[in-house]
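# sequence plus the predicted model coming up.
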Amino acid sequence: MEEIYSERPPSFLVESIVPEGGLVILAGREGSMKSILTLFLVLSVIKGAPFLDKFKVQKTGGVLVVNEENPGSLLKERMKKMKFDKKLPINFCHFAGVRLDTKKYFNRLVKTVEKYSPSYWFWITSEACIKEMKTIHRRCRRS
């Protein structure tokens, strides 16, 4: 117990929600607003505006969004409605067959992250991929 209580307080990218250096994965059933919430979060991180007009963004930076669930046309419409500027530092890994259950697919993701060198990255996925999410979390912690 002493070991836990002696830990330094965490630092946050987004106050009380996204830990600095943490992995952000939004997973849930279809239609549970994961992509909309992610886009709001991404916009806040890029612009430094409070997330949901409440939670302070401590640091800003470019973002990579891994999206294996929504068609690009749907994301485009949502981004237009949210007034995303095309010049914002955001990149998408969209329906690129990113999977994490083999070293081959994990290495593909690593190359994508290296290509864009984002400050932060977010993953939109379905409930069915939660097992894979646990895999990447373990692998990222080892890195």
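Done, it's in. Since the model is a prediction, treat every value here as computed from it, not as a measurement.
# please count neighbours and contacts with C-alpha atoms only from this point.
Will do.
# distance between the ends of stretch 46-59?
From its first residue to its last, stretch 46-59 covers 9 Å (Cα to Cα, to the nearest Å).
# quick one: distance of that stretch to the chain centre.
15 Å (Cα atoms, centre = their mean, to the nearest Å).
# now do that stretch, average pLDDT.
Confidence over stretch 46-59 (mean pLDDT, whole number) is 94.
# so which residue is dead centre in this protein?
Nearest to the geometric centre of the chain sits residue 122, at 1.0 Å (Cα atoms, centre = their mean).
# just grab the bridge partners of that residue for me.
On the basis of DSSP bridges, residue 122 is bridged to residue 24, residue 65.
# hang on, isn't it packed against residue 37?
No: when contacts are counted by Cα atoms under 8 Å, residue 122 is not listed as touching residue 37 (10.9 Å).
# quick check, residue 88 in a strand?
No: counting by DSSP: H, G, I helix; E, B strand; the rest coil, residue 88 falls outside a strand, being coil.
# doesn't residue 44 make contact with it?
No: with contact defined as Cα under 8 Å, residue 88 does not reach residue 44; the gap is 11.5 Å.
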